[in-house]
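> make a model of this:
(2 chains)
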There are 2 protein chains.
Amino acid sequence: MLPSDHPIHKLADSDYLRACRSETHDRVPVWFQRQAGRSLPEYHAIRGPGSILQTLRNPEISAEITLQPVRRYGVDAAILYSDIVVPAECIGFGVDVVPGVGPVIEAPFRSASDLERLRPLDPDNDTAHVLKTIEILVRELTIPLIGFAGAPFTLASYLIEGRPSRDYANTKALMLNDPGLWHQLMERLSDLAIVSIRSQVLAGACAVQLFDSWAGALAPADYREFVLPHSSRVFAELEDFGVPRAHFGVGTGELLSMFAEAGADVVGVDWRIPLDEARRRTGGEVALQGNLDPAVCLAEWPNVSEHVRRVLAANDGHPGHIFNLGHGVLPATDPAILEQVVALVHEEGSVGAGDD
Amino acid sequence: MLPSDHPIHKLADSDYLRACRSETHDRVPVWFQRQAGRSLPEYHAIRGPGSILQTLRNPEISAEITLQPVRRYGVDAAILYSDIVVPAECIGFGVDVVPGVGPVIEAPFRSASDLERLRPLDPDNDTAHVLKTIEILVRELTIPLIGFAGAPFTLASYLIEGRPSRDYANTKALMLNDPGLWHQLMERLSDLAIVSIRSQVLAGACAVQLFDSWAGALAPADYREFVLPHSSRVFAELEDFGVPRAHFGVGTGELLSMFAEAGADVVGVDWRIPLDEARRRTGGEVALQGNLDPAVCLAEWPNVSEHVRRVLAANDGHPGHIFNLGHGVLPATDPAILEQVVALVHEEGSVGAGDD
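Residues are numbered from 1 along each chain as shown, chains lettered A, B, ... in the order given. Below you'll find the model as predicted:
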């Protein structure tokens, strides 16, 4: 269990944490994936030029960027301003995040000799700036902070492809042709995620999210064989903290039951699957997070509000619902629209009988 | 009905056409999306430099490229070597296909005034080279030729975004904010598809496929409201020919039932949904096409064969199955692997009792 001065104790009854546990609460909680940065003018004002990875090395600025959407939107949870490639970068794998492209790897993962480049993470040294950011945030925040890491598959896809991919051809070829190496790689990346997340929770995060953004590219049988055991281990190694563990990916309609099976307490759902159908597929044992299409937020308010109401209606008052987008906020989004979304969810979202 | 010298009459009992009608037949038929071009050395030898749109204006070369995979692989159907942007290009919308990028639109569709740039297609003049290609093919082929067009949504996404997109943000914004203009655009693009496909069938195509490759980006409710009526009209306007009408997209797990509802006789399924589940969702009334992950074909043969067998097992002998990939052949694919896939499907694919 976490020490008595950990913020989870005083925030245990927040709407967000209660919804993660499918317990009754007052208002449907809402936060947005990628709420920090990108679409906020105050972010662009503070961020300066250069790589996001440089910005992340400054705890004061990273904390401020994390707080900006909390102030503006009135969301129910903050998510650490960071990136899923940070642990790999901080152990020296050679990663950059190129604006308009995404993560780019100088020397992609190709063979067993590359395993050596994935040494264990030592958070106190390698990601001290991340922990410092969290310490600042814990002092400032009155809502839960969500920490996160990249799931082993999605991180592997970046390290192997070398840049964002549409088909994950190299990743799948390595997975199928050299399962021994694949599983070794996944173990190292699972360790990275576990150690990184554990350090974030100990520093003050009240919930965690494992991003397997691109797992939806896999056939269900391949996911089960090559990914599920590793994601399951990550969740198992986080269980002792008792903090909610969310699991997210896009295009995961056929994987949702396995996302729950992996040990997640909260399963992220994209806009392709209505929440009632997602609830059926996950067996009703987990809370759901989602699932407004981020592109809808580029439309005019009457259209946005209609789609927000559609999400709330599909959830039908189930207490295990955290309102969110089905993927990250798009850069062209008008922040005023997101403000209105938060207000509407808080106003109209209804919470029925829970598990307590 | 089609004239008595149309090839569909002599090919009516081919495995491919019988499978499209869910009738018993000898061997499970197989063809590959993008079997023509890309991965074939004989294609790169004949193709020359320059835009694919230039190559397509040469009927002899286009026919030869269509025939190359038929000779090499022994597939059960040929698909016209063409591109879904051809009709839009041929009426002068200003489209290029940039190698390594995809379709690029010089002046993307933005407002009502752009509708004028989408005049009706006059196949005998605008796409005479396409019809000439089909005439050559009809003389050469002893298997059915598949004609095709882009579905109105997917074509709209290219015309609006101006280039391949990951989020279709502009497309969805126009769809929601200006439904009047959206439906006018969809009507014009539906007309393009109808007229183009009808001309291909009259020239000798024995089956058609409507590619709605990116429809899977939509929430089901949006698909139903903004896309389904138009795709339905396209299929309805092709019904009188009596040729099988296939409908394909990726990431369409939640749309499969509406793909069938639109009037397709054959529904393409990507590798994310096992065929038995796809069969449940489509209600068993349509044939299914798919669904090997194209990236699996980059693996070594034992892995490929295991995945091929998995597809056949999930279909479980249903006569309404055309084996295919869940998306196009990847450029790095070894043609020898695809040869082996065809041989394995022909050897091990079993066909149970049909509807006749």
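> now the residue in the stretch 1-150 of chain A that chain B sits nearest to, what are its backbone angles?
As assessed by CB to the nearest CB, chain B sits closest to A:Gly102 within the stretch 1-150 of chain A, at 10.1 Å. Using the backbone N, CA and C atoms, a C-beta is placed for each residue, glycine as well. Torsion angles at A:Gly102 (phi, psi; degrees, to the nearest 10) stand at phi 120, psi -160.
> burial count for the closest residue to it other than its chain neighbours?
Closest residue in space to A:Gly102, ignoring its immediate chain neighbours: A:Pro164 at 4.3 Å, by CB to CB, 6 or more residues apart in numbering or on different chains. Residues contacting A:Pro164 under the criterion other CB atoms under 10 Å in any protein chain shown number 15.
> again, but for A:Gly352
Other residues close to A:Gly352 by other CB under 10 Å number 11.
> give me the next element, helix or strand, following the helix or strand that contains A:Ile134.
In this assignment (DSSP states H and E), A:Ile134 forms part of helix A:128-140. Proceeding N to C from helix A:128-140, the next assigned helix or strand is strand A:145-150, under DSSP H and E.
> okay, the angle between that next one and helix A:128-140?
Angle, strand A:145-150 to helix A:128-140, by axes from the mean of the first three to the mean of the last three CA atoms, to 10 degrees: 160 degrees.
> give the helix, strand or coil label for A:Leu210.
Under DSSP: H, G, I helix; E, B strand; the rest coil, A:Leu210 falls in the strand class.
> any idea what it is bridged to?
A:Leu210 forms beta bridges with A:Ala149, A:His247, as assigned by DSSP bridges.
> contacting residues around it?
Counting by CB atoms under 8 Å, 6 or more residues apart in numbering or on different chains, A:Leu210 makes contact with A:148-151, A:193, A:197, A:231, A:234-235, A:245-248, A:264.
> just the pLDDT at it, thanks.
Listed pLDDT for A:Leu210 reads 98.
> element containing A:Tyr185, please.
Slight slip there: residue A:185 is Leu, not Tyr. helix A:179-203.
> what residues of that helix count as buried?
A:181-183, A:185-203 (16 or more other CB atoms under 10 Å in any protein chain shown).
> where does chain A dip in pLDDT?
Chain A contains residues with pLDDT under 70 at A:353-356.
> stretch A:217-232 vs chain B: in contact?
Yes: counting by CB under 8 Å from any CB of the partner chain, chain B has neighbours in stretch A:217-232: A:218-222.
> who wins for neighbours among these?
Counting neighbours by other CB under 10 Å, A:Leu218 leads those with 29 neighbours.
> ok, that residue to B:Ser305 distance?
A:Leu218 sits 19 Å away from B:Ser305, going by CB to CB, to the nearest Å.
> about what we covered before: the helix holding A:Ile134 packs against which elements?
If contacts are counted by 3 or more CB pairs under 8 Å, 6 or more residues apart in numbering or on different chains; DSSP states H and E, helix A:128-140 sits against helix A:59-73, helix A:123-126, strand A:145-150, helix A:179-203.
> turn the ones you listed into JSON lines, columns for distance to B:Arg117.
Listed next are the helices and strands packed on helix A:128-140 as JSON lines, based on distance: least, CB to CB, whole Å:
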{"stretch": "helix A:59-73", "distance to B:Arg117": "40"}
{"stretch": "helix A:123-126", "distance to B:Arg117": "55"}
{"stretch": "strand A:145-150", "distance to B:Arg117": "44"}
{"stretch": "helix A:179-203", "distance to B:Arg117": "49"}
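> of all those, which lies closest to B:Leu121?
The closest of those to B:Leu121 is strand A:145-150. By CB to CB, the value is 47.0 Å.
> following that closest one, which helix or strand comes up?
Moving toward the C-terminus from strand A:145-150, the next helix or strand (DSSP H and E) is helix A:152-161.
> show the subsequent helix or strand relative to that next one.
Downstream of helix A:152-161 (by DSSP H and E), the next one is helix A:169-177.
> what lies in contact with that next one?
With CB under 8 Å, 6+ apart as the test, helix A:169-177 has contacts from A:108, A:156-157, A:160-161, A:165, A:181-182, A:218, A:222, A:226, B:293-296, B:298-300, B:303, B:330, B:332.
> three-state assignment of the residue nearest to A:Gly162 when sequence neighbours are not counted?
Nearest non-adjacent residue to A:Gly162, counting by CB to CB, 6+ apart: A:Pro108, 3.7 Å away. Secondary structure, three-state DSSP: A:Pro108 is coil.
> got the contact list for A:Pro108?
Applying CB under 8 Å, 6+ apart, we find A:Pro108 in contact with A:159-162, A:170.
> apart from its chain neighbours, what residue comes closest to A:Pro179?
Excluding the flanking residues, the one nearest A:Pro179 by CB to CB, 6+ apart is A:Phe226, at 7.3 Å.
> any idea how far that neighbour is from A:Ala219?
Distance from A:Phe226 to A:Ala219, by CB to CB: 10 Å.
> also A:Asp178?
In terms of CB to CB, A:Asp178 sits 18 Å off from A:Ala219.
> before we move on, what about A:Gln200?
With distances taken as CB to CB, A:Gln200 is found 32 Å from A:Ala219.
> what's the answer for A:Asp270, then?
As defined by CB to CB, A:Asp270 lies at a distance of 18 Å from A:Ala219.
> and the residue nearest to A:Leu218 when sequence neighbours are not counted, what does it touch?
Once flanking residues are discounted, A:Leu218 sits nearest to A:Val227: 6.7 Å by CB to CB, 6+ apart. If a contact means CB under 8 Å, 6+ apart, then A:Val227 has A:151-153, A:186, A:212, A:215, A:218 as its contacts.
> and what of A:Val234?
By CB under 8 Å, 6+ apart, the contact list for A:Val234 reads A:149, A:151-152, A:190, A:193-194, A:197, A:210.
> identify the farthest-apart pair in the residues you listed.
Applying CB to CB across the contacts of A:Val234, the maximum distance is between A:Pro152 and A:Ile197, 12.2 Å.
> how about stretch A:173-192 as PDB, C-alpha atoms only?
Written as PDB, here are the backbone C-alpha positions of stretch A:173-192 (Å, rounded to 0.1, in the frame of the first residue of the first chain):
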ATOM      1  CA  ALA A 173       7.600  -9.900 -39.100                       C
ATOM      2  CA  LEU A 174      10.000  -9.900 -36.100                       C
ATOM      3  CA  MET A 175       7.200 -11.100 -33.900                       C
ATOM      4  CA  LEU A 176       6.400 -14.000 -36.100                       C
ATOM      5  CA  ASN A 177       9.900 -14.900 -37.400                       C
ATOM      6  CA  ASP A 178      11.800 -14.600 -34.100                       C
ATOM      7  CA  PRO A 179       9.400 -15.200 -31.200                       C
ATOM      8  CA  GLY A 180      12.300 -15.800 -28.900                       C
ATOM      9  CA  LEU A 181      13.700 -12.400 -29.500                       C
ATOM     10  CA  TRP A 182      10.300 -10.800 -29.600                       C
ATOM     11  CA  HIS A 183       9.500 -12.100 -26.100                       C
ATOM     12  CA  GLN A 184      12.800 -10.900 -24.800                       C
ATOM     13  CA  LEU A 185      12.200  -7.500 -26.200                       C
ATOM     14  CA  MET A 186       8.700  -7.400 -24.700                       C
ATOM     15  CA  GLU A 187      10.100  -8.400 -21.300                       C
ATOM     16  CA  ARG A 188      12.500  -5.500 -21.400                       C
ATOM     17  CA  LEU A 189       9.900  -3.100 -22.500                       C
ATOM     18  CA  SER A 190       7.500  -4.400 -19.800                       C
ATOM     19  CA  ASP A 191      10.100  -3.800 -17.200                       C
ATOM     20  CA  LEU A 192      10.600  -0.300 -18.400                       C
END
